[in-house]
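Undergrad: Below are the sequence and a predicted model for it; my questions follow.
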Amino acid sequence: MPSLDARGVASLLREYAQRTALRGGNPYRAKAYSRAADSLAALAVPLDVLIAEDRLTEIPGVGDAIADIITKVHKTGSHPSLEKLRQEIPAGVLEMLGVPGLRPEKVLRLYKDLGIGSLSELEAAAKDDRIKKAKGLGVALQNKIVQNLAIAKSGEGPLHLHRAAALLAHAKDSIRKSRAELKRVTIAGDFRRGCELVGDLVIVAEAAKLDNSSTPSADGLQIRVSDRKHFGAALLFATGSAGHIEQLQALAAEKGLRLGADGLHKGRMLIAGEEIEIYRALGMPFIDPELREGRGEIEAALKGELPKLVTDQDLRGILHCHTDASDGTETLESMAKATRQQGFEYFGVADHSKSAHYAGGLSVEEIAQQHREADRLNKRFGKDFRILKGIESDILADGSLDYDDDVLERFDFVVASIHGRFKLDRKAQTQRLLRAISNPHTTIIGHMTGRQLQRRPGYEIDVEKVLRACAKYDVVVEINAHPWRLDLDWRWHQAALDFGCMLSINPDAHSIPELDHMHWGVVMARKGGVPADRVLNTMSLPEITRYLRQKRRSLARAA
């Protein structure tokens with residue numbers, strides 16, 4: 001049989017991962033196969049070339065063992081270990097692994113105990129209430145299945161932003177190494193627009209001369225090649241969105257012009273081929289890619305009302321981070337030093353509070369201990385860097401925070417977050433948040449809707465009412481930068497700005513590498529049209545110290 005291309009091998013490697021997960025044992029092995037499959041689907045060089053040149057281990061996530069599997073699958077269309085695994089579990093059972101929150105051991109029990117062998121059978125069993133009656137499964141699992149079946153039915157989903165970034169960076173590097181004649185290798189598509197989930201991996205490159213060999217063939221990854229004269233227009237169209245491009249084309253037509261992937265033309269004459277020139281010729285300044293969603297950005301540009309978007313360089317400090325005092329992996333000192341080394345002026349520790357037993361929430365005694373440690377470190381750091389003492393306080397079911405006022409008064413800031421009771425109805429959940437916001441100790445509302453992308457939807461709340469309350473009580477709205485959250489959704493940022501809210505870009509970091517999540521928060525803020533002066537942690541150390549002190553004074557006066 002003919003050898004498989006990269007996409008075909010990726011599909012079988014993903015099946016290998018799923019069947020390995022169902023068998024049990026080391027869970028990291030299945031994850032390694034799955035990550036390697038993602039990388040194969042984004043190759044910039046044909047798979048047979050990499051195999052022939054013994055370069056498979058250059059692919060992210062591919063070591064010698066997986067390289068050997070890829071080679072055999074590519075040549076034969078299967079693998080002995082995969083064929084053996086296929087004898088154990090029917091193919092339909094694998095579909096159920098696509099249901100968020102349904103772990104492999106539960107899938108196996110559904111198959112073995114209830115005879116459920118496909119997604120359609122799982123849906124029928126849930127509707128008939130058969131799952132909740134089974135020992136070891138129960139009503140909570142059944143409800144989760146019903147809630148998340150739609151995600152599973154949609155098939156293979158898009159990539160999280162940080163994962164797409166890694167694959168696209170590798171693709172760029174591969175193109176530069178293997179195709180030296182291609183210049184200006186630039187990432188486009190929905191990644192360039194800062195979408196929270198990336199469905200299309202697209203790269204645009206410039207070639208000196210276009211011919212049939214100028215477009216590299218690739219599986220999954222789109223590589224669009226243009227000449228220098230038309231590169232900007234090709235990049236514009238490859239970036240999208242469709243709505244933005246359609247509106248630009250309509251505006252061009254009104255001016256008697258034609259806009260296409262080959263540039264902006266008046267009759268047969270090319271009048272603009274670079275992005276900035278195209279926007280200028282249409283009577284507007286350059287529109288940042290993150291704003292290009294056809295949601296009023298063109299009208300704003302024509303009126304000269306585009307926001308000056310926040311950048312990574314605008315951020316002066318980091319808030320909402322965890323240490324090993326709760327569920328982080330690093331000490332307070334290590335996290336603070338790493339933050340300082342990145343050029344920031346302050347580190348806001350916000351470990352979990354006492355109700356978060358699952359995350360090692362801090363007792364009152366542990367809070368005192370952490371504050372003594374922060375004081376000791378702050379003396380050593382001097383005036384140019386400071387640890388700000390915070391807490392991520394759980395919002396209880398009735399909307400109260402889980403410490404008494406005398407404890408909450410000890411913190412520089414309080415992040416109030418929901419971590420449980422997600423199933424409250426919309427009215428009750430909204431009232432819960434409103435009470436937390438009205439608590440004078442609350443500084444920031446953390447991950448407002450509680451969503452986890454491709455894992456669970458957010459709980460039901462009246463977002464507009466919550467944002468209005470945040471503005472009324474001077475409570476900051478978090479843009480949680482963890483790539484699984486990216487919450488508050490960027491589509492609500494403009495409403496938050498219009499109501500008068502301040503926002504804070506927080507990494508929710510549990511380790512030193514996760515401090516880099518800040519970048520994804522900036523991307524989301526830019527996509528939401530947020531300028532630097534509306535982001536809390538663009539304040540300098542003296543400014544944020546003064547801001548937090550004034551808030552505490554207001555609290556004292558109110559008391």
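TA: Noted; the coordinates are in hand. Numbering: from 1, shown residues only.

Undergrad: hey, let's count contacts and neighbours off CA atoms from now on
TA: Fine.

Undergrad: any idea how far the residue lying closest to residue 229 once chain neighbours are set aside lies from residue 294?
TA: Closest residue to residue 229 apart from its sequence neighbours, by C-alpha to C-alpha, 6 or more residues apart in numbering: residue 273 at 6.0 Å. As judged by C-alpha to C-alpha, to the nearest Å, residue 273 and residue 294 stand 21 Å apart.

Undergrad: With neighbour numbers in mind, choose between these two.
TA: Using other C-alpha atoms under 10 Å as the criterion, residue 273 and residue 294 rank with residue 273 on top: 24 against 17.

Undergrad: Report the contact partners of the closest residue in space to residue 539 that isn't next to it in sequence.
TA: Spatial nearest neighbour of residue 539, excluding adjacent residues (C-alpha to C-alpha, 6+ apart): residue 316 at 6.2 Å. Residues in contact with residue 316 (C-alpha atoms under 8 Å, 6 or more residues apart in numbering) are 343, 344, 345, 346, 537, 538, 539, 540, 541.

Undergrad: Report whether the expected contact of residue 181 with residue 210 is present.
TA: No. Here residue 181 does not reach residue 210: they are 11.1 Å apart, not a contact under C-alpha atoms under 8 Å.

Undergrad: which stretches of the stretch 451-559 of the chain form strands?
TA: 476-480, 503-506 (DSSP state E, counting those that start in this stretch).

Undergrad: Contacts for the first one next, please.
TA: Translated: strand 476-480. Strand 476-480 is contacted by residues 443-448, 467, 470, 486-489, 501-508, 521, 524-525, 536 when judged by C-alpha under 8 Å, 6+ apart.

Undergrad: average pLDDT across that strand?
TA: In this model, strand 476-480 has an average pLDDT of 98.

Undergrad: Output it in CSV with nothing but the alpha carbons.
TA: Only the C-alpha atoms of strand 476-480 are listed here, as CSV (Å, rounded to 0.1, in the frame of the first residue of the first chain):
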residue,chain,number,x,y,z
VAL,A,476,-11.3,45.5,38.8
VAL,A,477,-12.3,42.9,36.2
GLU,A,478,-9.7,40.2,35.6
ILE,A,479,-8.5,39.1,32.2
ASN,A,480,-7.2,35.7,33.3
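
Undergrad: residue ranges with poor pLDDT in the stretch 51-200 of the chain?
TA: Flagging of the stretch 51-200 of the chain using pLDDT under 70 yields the residue ranges 151-157.

Undergrad: 80 instead, please
TA: 101, 136, 144, 147-157 (pLDDT under 80).

Undergrad: And the residue nearest the centre of this structure?
TA: When C-alpha atoms, centre = their mean is applied to the chain, the residue found nearest the centroid is residue 483 (2.6 Å).

Undergrad: Let me see the contact set for that one.
TA: 160, 161, 162, 196, 517, 520.

Undergrad: What separation do you get for the nearest residue to the first one once chain neighbours are set aside and residue 159?
TA: Read it as residue 160. Closest residue in space to residue 160, ignoring its immediate chain neighbours: residue 197 at 4.9 Å, by C-alpha to C-alpha, 6+ apart. Distance of residue 197 to residue 159, computed by C-alpha to C-alpha: 6 Å.

Undergrad: and stretch 97-116, how far apart are its ends?
TA: End-to-end distance of stretch 97-116 (C-alpha to C-alpha): 13 Å.
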